[in-house]
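1. For reference, the sequence and a predicted model appear below.
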Amino acid sequence: AYVLDFAELPTTEELTRLDPDRDGQVQPAEREAYLDALFASLQTRWSFTVDGAPARPRVVARSLEVGQGEARLHTLRVVAELRVERPAGARGAFTLAIRDPSYAERPGWREIRAEDGPGVRVRTLSGGADPSVLARRARGESVTLRVDEATFRFEPDAPARATRAPARPPRAPRTTAPVRWL
């Protein structure tokens, strides 16, 4: 899953791209044009490798939601499901390395993570969330995690332990109706 949460001020800038006619509604065609442009740009920056071989992620589902933020401003959340194919005939454990320099110039939380799923255990080899940062944030400290690259090892799991479904971020609703933001 790929999730972008834009805070209030960055959302103001994004809304000029999302609603180019500035009528206060994001029509389905405007939403699709925005998502097409956004993911075309992001995909040129991403770097994925599977066992050292370059891999190209595909966006298989995507959505966006305009929400209410602070001071009567809006926030924007974009959610996508990505797929990365393994080479034909590949079996067993594999290593996935991800690099995402998108929005590196902007402040904010940046995290890359992978979780166990049915039939697979994941080990973080590099770039995982620093537990001390997460613990400090849980205590209410104002800290920011900055992870732009990570490497994970995916290993087949014994069937008896493959009972937990993978955790997914909440999806923004995918509708064909216009999204109001004024």
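-> That came through, no problem.
2. need the contact list for residue 53.
-> residue 87 (C-beta atoms under 8 Å, 6 or more residues apart in numbering). Where C-beta positions appear, they are placed from N, C-alpha and C, glycine not excepted.
3. wait, residue 57 sits on residue 46?
-> Yes. The pair residue 57 / residue 46 is scored as a contact, 6.2 Å apart, by C-beta atoms under 8 Å.
4. Rounded mean pLDDT for stretch 99-110, please.
-> Stretch 99-110 shows a mean pLDDT of 86 in the predicted model.
5. same question, stretch 139-149
-> Averaged across stretch 139-149, pLDDT comes to 83.
6. my guess is residue 143 is in a helix, correct?
-> No. Counting by DSSP: H, G, I helix; E, B strand; the rest coil, residue 143 is located in no helix; its state is coil.
7. buried ones in the longest helix that the chain contains?
-> Determined from DSSP state H, the single longest helix within the chain is helix 28-45. By neighbour count on 16 or more other C-beta atoms under 10 Å, the buried set for helix 28-45 is 30-31, 34-35, 38-39, 42.
8. What helices and strands are in contact with the very next helix or strand once past it?
-> Next in sequence after helix 28-45, counting helices and strands by DSSP states H and E, comes strand 47-50. If contacts are counted by 3 or more C-beta pairs under 8 Å, 6 or more residues apart in numbering; DSSP states H and E, strand 47-50 sits against strand 53-55, strand 94-99.
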